[in-house]
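# curious how this folds, go ahead:
(2 chains)
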2 protein chains.
Amino acid sequence: MRTRPLKVALLGCGVVGSEVARIMTTHADDLAARIGAPVELAGVAVRRPGKVREGIDPALVTTDATALVKRGDIDVVVEVIGGIEPARTLITAAFEHGASVVSANKALLAQDGAALHAAAEENGKDLYYEAAVAGAIPLIRPLRESLAGDKVNRVLGIVNGTTNFILDKMDSTGAGYQEALDEATALGYAEADPTADVEGFDAAAKAAILAGIAFHTRVRLDDVYREGMTEVTAADFASAKEMGCTIKLLAICERAADGASVTARVHPAMIPLSHPLASVRGAYNAVFVESDAAGQLMFYGPGAGGSPTASAVLGDLVAVCRNRLSGATGPGESAYAALPVSPMGDVVTRYHISLDVADKPGVLAQVATVFAEHGVSIDTVRQQGKDGEASLVVVTHRASDAALNGTVEALRSLDTVRGVASIMRVEGE
Amino acid sequence: MRTRPLKVALLGCGVVGSEVARIMTTHADDLAARIGAPVELAGVAVRRPGKVREGIDPALVTTDATALVKRGDIDVVVEVIGGIEPARTLITAAFEHGASVVSANKALLAQDGAALHAAAEENGKDLYYEAAVAGAIPLIRPLRESLAGDKVNRVLGIVNGTTNFILDKMDSTGAGYQEALDEATALGYAEADPTADVEGFDAAAKAAILAGIAFHTRVRLDDVYREGMTEVTAADFASAKEMGCTIKLLAICERAADGASVTARVHPAMIPLSHPLASVRGAYNAVFVESDAAGQLMFYGPGAGGSPTASAVLGDLVAVCRNRLSGATGPGESAYAALPVSPMGDVVTRYHISLDVADKPGVLAQVATVFAEHGVSIDTVRQQGKDGEASLVVVTHRASDAALNGTVEALRSLDTVRGVASIMRVEGE
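Numbers count the residues shown, from 1 in each chain, chains lettered A, B, ... in the order given. Next up is the predicted model:
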């Protein structure tokens, strides 16, 4: 074994960073044996220098992250600050000053992955980010390496633990969205400002990263259709139950049937209770991957939290350190397929639509005609009358999002349709 | 991209080999883009040269596998023959003649993994074998690389599709073992001689490989306790149901509570219906991994079959080819921890025991005394009388296998105990 240690600079020492530092210390011998050389924590960049950080030598702590990454003797920079800046500038500087980078930064990777990969490649360095998607669950490495000889057609998953906790709570207790969110906040599963989670921004960033790797195509955050789950109601869960379904916030990356384009989207959807994703409870994550040769694979585990995320970061750290020692780099960006990313209108799926209609003869025929005119085929219709009003629940066969939107617009203009109570996609069948 | 192709020799052209060859041809452009150089099928060693092999140039086919691996211009040997010899000799020769190796051979890896790894290292070559365990499911790579910075404490899984198909059938239809086996054979899930599957040899080989990687310790096939599932009865399933459990053939690799030793075992066991492994249907495989930092991860997918296994082989092929191009090798054997492998007697778990006893006063007291004398604590007892005889079902708290065996031996010598109808371990709680 080499005795000169590899030097690691840690950017950020919050929930994840402190756990990375702790494991680097307590498991130093194991890491050294697995890497083939000791690793040394050479510096820790923080915002608040005064805070006591158990197990971390105060002499290593600095507020000058820029100086740390530019020191020139750093082998690996571990970035667990999050957000776009200063992370982006620091990572780029790290490459330029000879370091490889391990990052857990989904927002940055989704927005600037291509530029960061280019900077890594230009400098002959590694950029690894297993922790950016689904916490501890090995997902980036299996997609990038294990399935490198296969053709991935679909990635379908629950990649946000906060929203899964909320939806699971609504499903199991009948609670409304706000009540379930309040509980998630009280238990620390939701942040004070839950926007990034509940509006699907976090999941959309992960979908962009997963689609890019799965399809060997650059998928930008803007390419991902995004719909949050704040408008999911207890009534939606009741409708889902009637269909033998539950509701999950899904990230879905698909290759079109003709193979010539891809789509990526995040939205709440009904999935059958028999689907393995339906039974993913609490803040857990799970991702289905469908490919030509392997068939259906599922990866399941804790999608967030200090320790699980640190596990993913340290796995990458070991890989990057091994690469340093052998003088090689791991697989970089693979975007050779360069498939076009189609807009949401091209996505084909099934829909569950609840309409409030007048309870009089001919309404069903009117509604059915509108569906037919837009080429949307109906699978089932269920009508329930109440005090001169009626509700009509329509479940369609597979149709494009554009055709469905046209249908809904036309339905809204019918005199006999009082309102469209809800529209939800049905997935996983 | 490099234009000179990497040369691949394929040993074996059965269900897996022919699928590997097919994908190498049909997806040649994708593989080239992902590797950074084209790959060329340079030779295919088979036993029966006359057979027509669609899509394979007859000029590439040879019966002289030894000459093929010794050609000197082969970059990667893909071994999908299976069995110990001639696979072992051929793989060793491949390393000596400059090739890296991708293998799907669980039996060989479990028996001679250490020697093969040593041969690879000596010659500066790679030995990859994702396909040897759980077919297409990425498991070796996540354990070896993604969790390289974590401490794995337990690997618990269904790693044999044939036996899972049989047990699932028994569970869902009430069929007996023979009837379910016959159906598995008719559907092609079981081989004409099912011994390797139903007696747990196949699962034991996989357990040895998984334990070795998970614990950074050499675990030989002989170190794995093995019990088949041919004696599981419909009555056992009925007992399991009463406990809210089902029965699965599990491979279990565990680190002892004090961390100083490990165990590996394969046997049928009851697991609660609420455990994710309980709902693994048909011939699917699923493996739970528990580690210090990541917590509980699960990997699920098709555990066998030509296409899924080929997917795993090709993923390894891409990785090994990339390594060739960069002049590096991937992680080799990691056995630095060298923990002792404890015998089965040291394994601690819970037990479900059915006794046929005389239906008279004092029997329960006698039986309970025997358990107490052996230090096995009873969780629940259920007694059912029938015509002067009674059956007694005892579920224990956690106890060592040695203590349980001592208890059962003593019970057998009691006059009032007519017989021990079944003993089954209870896992996953």
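
# what sits closest to A:Gly315 if chain neighbours are left out?
B:Ser146 (4.4 Å; C-beta to C-beta, 6 or more residues apart in numbering or on different chains). Glycine gets a C-beta too; all of them are placed from N, C-alpha and C.

# need the contact list for the one you found.
B:Ser146 is in contact with A:130, A:138, A:141, A:312, A:315, counting by C-beta atoms under 8 Å, 6 or more residues apart in numbering or on different chains.

# repeat that for 10 Å
Contacts for B:Ser146 (C-beta atoms under 10 Å, 6 or more residues apart in numbering or on different chains) come out as A:130, A:136-142, A:145, A:311-312, A:314-316, A:318-319, B:138, B:289, B:294, B:297.

# in which helix or strand would I find A:Val393?
Element membership for A:Val393 (DSSP states H and E) is strand A:389-396.

# against which helices or strands is that strand packed?
helix A:234-242, strand A:348-358, helix A:363-373, strand A:378-386, helix A:401-412, strand A:417-426 (3 or more C-beta pairs under 10 Å, 6 or more residues apart in numbering or on different chains; DSSP states H and E).

# need the ones you listed in JSON lines (columns: distance to chain B, mean pLDDT and mean neighbour count).
Output for the helices and strands packed on strand A:389-396, formatted as JSON lines (distance: least, C-beta to the nearest C-beta, whole Å; pLDDT from 0 to 100; neighbours: other C-beta atoms under 10 Å in any protein chain shown):
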{"stretch": "helix A:234-242", "distance to chain B": "20", "mean pLDDT": "94", "mean neighbour count": "17"}
{"stretch": "strand A:348-358", "distance to chain B": "23", "mean pLDDT": "95", "mean neighbour count": "20"}
{"stretch": "helix A:363-373", "distance to chain B": "36", "mean pLDDT": "95", "mean neighbour count": "16"}
{"stretch": "strand A:378-386", "distance to chain B": "26", "mean pLDDT": "87", "mean neighbour count": "13"}
{"stretch": "helix A:401-412", "distance to chain B": "29", "mean pLDDT": "97", "mean neighbour count": "18"}
{"stretch": "strand A:417-426", "distance to chain B": "22", "mean pLDDT": "95", "mean neighbour count": "17"}
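
# now render the ones you listed as TSV, adding distance to B:Ala115.
Formatted as TSV, those follow (distance: least, C-beta to C-beta, whole Å):
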stretch	distance to B:Ala115
helix A:234-242	56
strand A:348-358	53
helix A:363-373	67
strand A:378-386	59
helix A:401-412	57
strand A:417-426	54
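
# which of the ones you listed sits closest to A:Asp57?
For A:Asp57, the closest of the helices and strands packed on strand A:389-396 is helix A:234-242, at 51.4 Å, according to C-beta to C-beta.

# any idea which helix is longest in chain A?
Ranked by residue count and defined by DSSP state H, the top helix of chain A is helix A:306-326.

# I'd like to know how many residues surround A:Gly306.
Under the neighbour criterion other C-beta atoms under 10 Å in any protein chain shown, A:Gly306 is assigned a count of 18.

# actually A:Gly82, not the one I typed
Counted with other C-beta under 10 Å, A:Gly82 comes out at 16.

# how about the nearest residue to it, chain neighbours excluded?
Closest to A:Gly82 by C-beta to C-beta, 6+ apart is A:Asn105, at 5.6 Å.

# that neighbour is in contact with A:Ile81, isn't it?
Yes: assessed by C-beta atoms under 10 Å, A:Asn105 is found in contact with A:Ile81 at 7.3 Å.

# more neighbours: which of these two?
A:Asn105 (27 against 24).

# show me what contacts the more buried one?
A:11-12, A:79-84, A:87-88, A:91, A:111-113, A:116, A:129, A:131-132, A:205.

# what's it sitting at in phi/psi?
Dihedral pair for A:Asn105: phi -100, psi 90, per degrees, to the nearest 10.

# could you measure from it over to B:Ile91?
Look at A:Asn105 and B:Ile91: by C-beta to C-beta, to the nearest Å, they are 42 Å apart.

# and for A:Asp150?
24 Å.

# same question, A:Ala205
From A:Ala205 to B:Ile91 the distance is 43 Å (C-beta to C-beta).

# okay, now the unreliable bits of the stretch 101-250 of chain A?
Low-confidence segments of the stretch 101-250 of chain A, defined by pLDDT under 70: none present.

# in it, which spans are helices?
Per DSSP state H, counting those that start in this stretch, the stretch 101-250 of chain A has helices spanning A:106-122, A:140-141, A:161-173, A:177-186, A:195-198, A:201-215, A:234-242. These are given in chain order.

# could you dump these to a markdown table with distance to B:Phe95?
Formatted as a markdown table, those follow (distance: least, C-beta to C-beta, whole Å):
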| stretch | distance to B:Phe95 |
| --- | --- |
| helix A:106-122 | 31 |
| helix A:140-141 | 26 |
| helix A:161-173 | 45 |
| helix A:177-186 | 54 |
| helix A:195-198 | 50 |
| helix A:201-215 | 32 |
| helix A:234-242 | 56 |
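
# now do the longest helix of chain A, average pLDDT.
Averaged across helix A:306-326, the pLDDT comes to 96.
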